[in-house]
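**Student:** Give me a model of this one.
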Amino acid sequence: MALRVCLKVKGKTTKGLKALEEQLATQRFKKWSTWVIKKAKVITHYGFIPLVIIIGMNSEPKPQLSQLLSPI
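**Tutor:** The predicted structure follows:
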């Protein structure tokens, strides 16, 4: 986790700092959510077909792997 740095400023400039902190938090959230979505796309892309095969192998009646992979 990142360390949070607090700056002590004299006067009424704390409103600007709060707005800056909110803006930084928004940017961090955008970066994090973009990263999560990219990883989810990759996991879905490479995991969907193996998931379908595993679900098919566990169904009744038990098909053979060649029956699951053939298009007919």
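**Student:** Of all the helix elements in the protein, which one is longest?
**Tutor:** Ranked by residue count, the top helix of the chain under DSSP state H comes out as helix 14-57.
**Student:** Let me see the confidence value for residue 55.
**Tutor:** Residue 55 is assigned a pLDDT of 86 by the prediction.
**Student:** Residue 33 versus that one, what's the distance?
**Tutor:** Note on residue 55: its distance to residue 33, by C-beta to C-beta, to the nearest Å, is 29 Å. (Each C-beta comes from the backbone N, C-alpha and C, glycine too.)
**Student:** and if you look at residue 64?
**Tutor:** Using C-beta to C-beta, residue 64 is found at 43 Å from residue 33.
**Student:** before we move on, the earlier item: so how far is the longest helix of the chain off the chain centroid?
**Tutor:** 3 Å (C-alpha atoms, centre = their mean, to the nearest Å).
**Student:** Now do residue 53: how many residues are near it, please.
**Tutor:** Counted with other C-beta atoms under 10 Å, residues neighbouring residue 53 total 13.
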